[in-house]
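*Asks:* Prediction below, plus the sequence it came from.
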Amino acid sequence: MAEAELTEVFDAAFLRRLENLHLQVRKVLSGSLRAERRSRKTGSSLEFADYRNYAPGDDLRRVDWSIYARIDRLMTKLYEEEEDLEVAILLDASTSMRWQADSQKWTLARELAASLSYLGLTGLDRVGLWVFDSTLRAESGIFRGRSDFHSVIRFLRNYRPDARTATDMGESLTRFARMKRRPGLAIVLTDCLDPAGFERGFSAILGRHFALHVIQLMDPAETTLGETGDLRLRDSETGEEIAVTASPALLRAYAAEVERFRDGVKTWCQRAGAGYSFIDTRQTFEDVVLRLFRRDGLLR
Amino acid sequence: MNFLFPAAFFLAVLIPAIIALYLQRPRQRLHEVPSLMLWQRVLEREPRKRFLGRLRRWLSLLLQLLIFLLLLLALARPDFFRPQGQRSTVIVLDLRARMQAGNTFFDAIAAARQASAGAGADEQIAILGAAGTPRIISPFSSDPIQLRQSLASLTPSDGGGSLDETLGLARDLLAGRPGATRLLVITDRPLPENSATPAGSAANAPATQVILTGSPLDNAAILELAQAPLPASPQSAEVFVKVANFAAAPRDIEWELRLDGRTIDLQSQKLAPGEQRDFSSIVPAESLQSLTGFLEARLTSGDKFPVDDTARTWLPVQRRTPVLLISAGNPYLEGALKADPSIALEILTPDAWRASLAASFRVVVFDDWLPADLTLANLPASGVLFFGKVPGATGQPLPVADLTADPRSPLLWNVDFTTTRFANATPLPPAPAGWRITPAVTSASGPLVLALESPEGRRVVATAFPVAGSNFPLKAAFPLFISNTVHWLAAGPAALPNLRAGQVYLPAEGESIATTPGEKHDTWSTTPTLLDRVGFYERTDAHSSSWLSVNTADAAESDLRAATGSGGLLLSAARFAGFQLWQWLALAAATLILLEWWLHHRRMTE
């Protein structure tokens, strides 16, 4: 997809609406630079955090003189330190995300990654993008400030996935988690179709005290075959084939299995304290960003 | 179990071809999915469905082979119930007019088709039609297709009659056949006792089975239509119509009389159930002078048996009769001839007479004058009236006394001679040998008025008195006598008797008759011709043309209350229940084809 195509959804009006949104983190995390996000540290922002006894060297401007008048003790007011946050956007680029030429999963995932990056950049957070399939494939580096948005777009545009790659979320996301020394917000855009399971990878991220939000994308064409009869089904990632007689009953059973799988991912995320959004690629990009993410607590 | 067409089993060689075609069916189609992960979970969860899925592939082949085998059996036409050995069947199909009522004939044909379908190698079937006279519709055949084709264009007659002659023929045909014999009669009511089991029937008489079709119906009919000259006005016609109500309840019946398609009378009467009543009407002479004479009586209300709703007869065309009067001047005779509007009179004086002139006239009147060379042997072809002088009369005039008039003579309708006085009369000469002589008026001295007819049909009237030799011209009877005489001499085509449909017409020598009714016909017959359809048939001979009317005119055909068939619905049910085994097999094959089609489109088979 050309850069122009990727950015054409970000017209001026849409970006103005995005600027009214902010990434929401369920956990209170700490960063290294001043930004618009509260941290566990106390600091110089206007947000009152606590009191402590005065110690020599404290800034006298922070002594609460009204307390001193009432209890005759010097107390120093503590303020929350507003720090920046690292927003890590992990994009699944396995073949299942782009299994058909006209599949919208890959396109929508990249648009969402760009959009979430923009929100992070406008919130003065540090934004990084990682692409994974069977392992971590690419890392964009850290971007900061709105002016880096074009770098985000360029990264997404220039990434060329391999023709056929399997998914190994456990390996990929564990590697990501090990690289991170400070927690942040991790947003994973994936279809979760990993035969080995998604749980290990997500647990690794959560184990590093990241706030995790899983965005699961599925295409309607995945829930139905669109044809019946004797078929050979080929796995887009591994090339493995199985023979099935696709009767209406079997198709119904498969659709129920897809639904069960979705519910399984959602339930796991809820229990683990992670955010979860399910996106049907028939939904419009604007609808996902402006309505769905707010509903699911990713944006405010 | 017998097979009527065992050669069909040779088609079993196609079974390997079916299997080969099945094995050549399109292989599994490749379909790429994002991941097999969820599919494998489904298949692991439902191994039973995987087994059924494999079974379904073979189910398709099994169904196709079963369909083929059923069709093969149907073609072989198995018959569990047919007795062993040779059989002969004659189907007598009632073709009388009554079978036209409602769906009776349709059901009868269906029953005949069903019965003829049983023809095969061991059963020969013949079909006879019965409509007064027997008709061979199909000779003995074992080919059901030929038998069905012979029934295809069959229509019932418009006439009635008895089945006895046809039943007799059928029994004669079966008497010489080997093996079991069967007589199957398809009609609308039970056979009379003597028809079903004729007296003196042999012990090996065929088993007789009657299939009844149709159902009782109410019907109104015109049973007769006749016409005759009106005595008071012979040029007018009096029409008689017999109307019948064959219904279970009293009924208002209206009928109209139509002449050449124009309604000239309309009458209505309430008739009791089963009542037959006569009506009459007059067709005035004026109506007949410019028309062709096609007279029809027609019921205005239709019913399910229309063939008897109309009766027809033909009135002889009465055009103006050209008459030539040879007279030196006779105001009485001229006046009497001019008084009749149906006479076109031309007058010549004796000196202008030439024999060739007579050819243009239907009647020549010689008024007390004779051409010198005229004899009874060389008379003109037209009718001739001699007044006063008659060829060959040589006697002296004699006094007239003791008149006697023949009231049956056509010359004397409404003519009274009792007050007529004659001065004298010349004895009339003897007629040539072979002529028919009818004295109309005689006196003590001999005949005064003679009507003569030659063997060739030439007519002559001779009077022994001149017009001026009596007071007859002064009487009112004189113009009547002149008119009667001229019309008898003109002797136009006589009205032919009406015939009933189904009768055979025997044309006379030199006569021919159209083989189809109506004014448009292409074929003529000079041999005995079956007149099976109602209508007007034209007949011609060397001298004239006239029309013969044919009507159903049979109360036995019109009275449909006696039909005892079960009606179309029950017959249809019986036909359904009476399916041949091969038809059931074909039906089962068709059902399996539908089932296979349904399963295939639901992807349950491949």
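*Replies:* Yes, it's here. Just so you know, these numbers come straight off a predicted model, no measurement behind them.
*Asks:* Residue B:507 against residue B:525, yeah?
*Replies:* Yes - the criterion here is CB atoms under 8 Å, and residue B:507 meets it with residue B:525 at 7.0 Å. Bear in mind the C-beta positions are built from the backbone N, C-alpha and C, glycine included.
*Asks:* Between those two, which contacts overlap?
*Replies:* Listed contacts common to residue B:507 and residue B:525 are residue B:513; contacts here mean CB atoms under 8 Å, 6 or more residues apart in numbering or on different chains.
*Asks:* nearest residue to the closest residue to chain A within the stretch 301-450 of chain B other than its sequence neighbours?
*Replies:* Residue nearest to chain A within the stretch 301-450 of chain B: residue B:304 (53.6 Å; CB to the nearest CB). Closest residue in space to residue B:304, ignoring its immediate chain neighbours: residue B:102 at 4.6 Å, by CB to CB, 6 or more residues apart in numbering or on different chains.
*Asks:* What's the separation between that neighbour and residue B:561?
*Replies:* Counting by CB to CB, to the nearest Å, the gap from residue B:102 to residue B:561 is 13 Å.
*Asks:* Which one's more surrounded, those two?
*Replies:* Legend: neighbour count by other CB atoms under 10 Å in any protein chain shown for residue B:102 and residue B:561, higher for residue B:102 (22 against 16).
*Asks:* which residues does the more buried one contact?
*Replies:* Applying CB under 8 Å, 6+ apart, the residues near residue B:102 are B:214, B:215, B:217, B:304, B:305, B:568.
*Asks:* Equivalent analysis for residue B:94, please.
*Replies:* Going by CB under 8 Å, 6+ apart, residue B:94 touches B:108, B:130, B:131, B:156, B:163, B:185, B:186, B:187, B:188.
*Asks:* which residues does the second one contact?
*Replies:* What that stands for is residue B:130. Applying CB under 8 Å, 6+ apart, the residues contacting residue B:130 are B:92, B:93, B:94, B:95, B:96, B:161, B:163, B:165, B:166, B:167, B:187.
*Asks:* sorry, back to before: looking at the contacts of residue B:94, which are in strands?
*Replies:* Using DSSP state E, B:130, B:131, B:185, B:186, B:187 are the members of these that sit in strands.
*Asks:* any idea which of the residues you listed is closest to residue A:217?
*Replies:* residue B:186 (77.8 Å; CB to CB).
*Asks:* pretty sure the closest one contacts residue B:213?
*Replies:* Yes - if you go by CB under 8 Å, residue B:186 and residue B:213 touch, sitting 6.5 Å apart.
*Asks:* Name the residues contacting each of those two.
*Replies:* With CB under 8 Å, 6+ apart, residue B:186 and residue B:213 have common neighbours B:108, B:111.
*Asks:* Next one: the residue nearest to residue B:304 from residue B:247, what distance?
*Replies:* 14 Å.
*Asks:* Can you tell me the SS state at residue 227?
*Replies:* By default, I'm working from chain A. Of the three states, residue A:227 takes coil according to DSSP: H, G, I helix; E, B strand; the rest coil.
*Asks:* can you tell me which residues contact the residue in the stretch 351-500 of chain B that chain A sits nearest to?
*Replies:* In the stretch 351-500 of chain B, the residue that lies nearest chain A is residue B:500 (71.0 Å; CB to the nearest CB). Neighbour list for residue B:500: B:159, B:160, B:550, B:551, B:552, B:553, B:554 [criterion: CB under 8 Å, 6+ apart].
*Asks:* Show me what from the stretch 101-250 of chain A comes close to chain B.
*Replies:* The stretch 101-250 of chain A comes close to chain B at residues A:167, A:191, A:193-195, A:219, A:222, A:225, A:227-238, A:240-250, as judged by CB under 8 Å from any CB of the partner chain.
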